[in-house]
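Starting from these lines, generate the structure:
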Amino acid sequence: MSFNHVSVLLKECIEGLNIKPNGIYVDGTLGGGGHSFKILQLLDKGTLIGVDQDTDALAAATEKLKIFEGKFIPYHSNFSKIAQVLDDLNISKIDGLLLDLGVSSFQLDEAERGFSYMNDGKLDMRMNQNDAFTAYDVVNNYSEQQLTTIISDYGEENWANRIAKFIIEERAKKPIETTFELVDVIKKAIPAGARKDGPHPAKRTFQAIRIEVNNELKIIEQTIESAVEYMNKGGRVAIITFHSLEDRIVKNAFKKLAQGCTCPPEFPVCICGGKPIVKIITKKPILPSDQEIESNPRARSAKLRVAEKK
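Here you go, the predicted model:
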């Protein structure tokens, strides 16, 4: 199976994780295995658990990483179930977690997975192919208000109202079944003048539907909190995001864990006893270099944030 995926912010991630040769690490979004390959090269007696909900990605990465036999454990799951994964493997503490929240190049490039507005395929967008719920269900079954909300909130799309209205009108004639059928509806909904500049007109809507199908935003904060509970002192959480909604969630989750005290500001002394759990390593997110963006345009919107267990 061909699975070409260029790892984003690779050097910066490895530096951020501060790899210990005998540590235990979790790559919660194994994907093509690029980040994991680099981590495994730095391990001596350490272990890396590679988690992915996409069985195709898991199989391809496992094949790529088989040279690290004894150090690498592949695991089919969603990163939000990190506590369950670690309990199942009888692992009580870890030294680092990496999450790359972008869609892999492989998923985008495989037309039949239905992630891309550039390839024609069935409306699918499931990262976990065992799930029953697909993009088809969102597009054809959600109400106009539900569609407007997710396209506006998750896609940050200014034309969400019109796109939702046009989807409802189109599917009344016949179900919208393919990515290109949906692209056509979006293009009709967005006035020609507004389509001249900026990204592909369908980009934000496709992003919104993908986030909804895979419940992507709701699981980020709980995953960070779970990982930190299982982390040794000095362990690191490194997370790459690709749009402002994800980045804001990561930033606020780190801030909350670093704050400790949750007493109202007007209280003269702390009575909650909360102590900071992490130290934020990246005061501002790390961005890809111009050279990286030039060689891998998909890295353009990537941001890396890192926190360390206190």
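
ok now stretch 207-223, how far from the chain's centre?
Taking C-alpha atoms, centre = their mean, to the nearest Å, the mean C-alpha location of stretch 207-223 is offset from the chain mean by 8 Å.

So what touches that stretch?
28, 78-80, 82, 97, 99, 101, 103, 115, 125-128, 133-135, 137-139, 150-155, 157, 239, 243, 245-246, 249-250, 252-253 (C-beta atoms under 8 Å, 6 or more residues apart in numbering). (C-beta placed from N, C-alpha, C; glycine too.)

swap the cut-off to 6 Å and go again
Residues from elsewhere that reach stretch 207-223, judged by C-beta atoms under 6 Å, 6 or more residues apart in numbering: 79-80, 125, 127, 135, 138, 150-151, 154-155, 249, 253.

Please apply the same query to stretch 268-278.
Residues outside stretch 268-278 that contact it (C-beta under 6 Å, 6+ apart) are 228, 257-258, 260-263, 307, 309-310.

Tell me which residues of that stretch come out buried.
Residues of stretch 268-278 classed as buried by neighbour count (16 or more other C-beta atoms under 10 Å): 277-278.

Return the member of the contacts of stretch 268-278 nearest to Gly32.
Gly32 has its nearest neighbour among the contacts of stretch 268-278 in Ala307, at 25.1 Å by C-beta to C-beta.

which SS state does that closest one fall under?
Assigned with DSSP: H, G, I helix; E, B strand; the rest coil, Ala307 falls in the strand class.

what's the spacing between it and Ile240?
Here Ala307 is placed at a distance of 13 Å from Ile240 (C-beta to C-beta, to the nearest Å).

So Leu182 versus Cys261, what's the distance?
On the measure of C-beta to C-beta, Leu182 and Cys261 end up 48 Å apart.

Repeat that for Ile73.
38 Å.

count of residues packed around Leu217?
Other residues within reach of Leu217 by the criterion other C-beta atoms under 10 Å amount to 17.

One more: Ile82?
Using other C-beta under 10 Å, Ile82 has 26 other residues around it.

That one belongs to a strand?
No: using three-state DSSP, the secondary structure at Ile82 is helix, not a strand.

quick one: contacts for Phe72?
Residues counted as contacts of Phe72 (C-beta under 6 Å, 6+ apart) are 48, 65.

check which helix or strand covers the spatially closest residue to Leu42 that is not a sequence neighbour.
Of all residues not flanking Leu42 in the chain, Ile19 sits nearest, at 4.4 Å (C-beta to C-beta, 6 or more residues apart in numbering). Using DSSP states H and E, Ile19 sits in no helix or strand.

Okay, Ile19 and Lys122: tell me how far apart.
40 Å.

Quick check, pLDDT for the closest residue in space to His243 that isn't next to it in sequence.
Leaving aside its sequence neighbours, His243 sits nearest to Ser301 (C-beta to C-beta, 6+ apart; 6.2 Å). Looking at Ser301, its pLDDT stands at 92.
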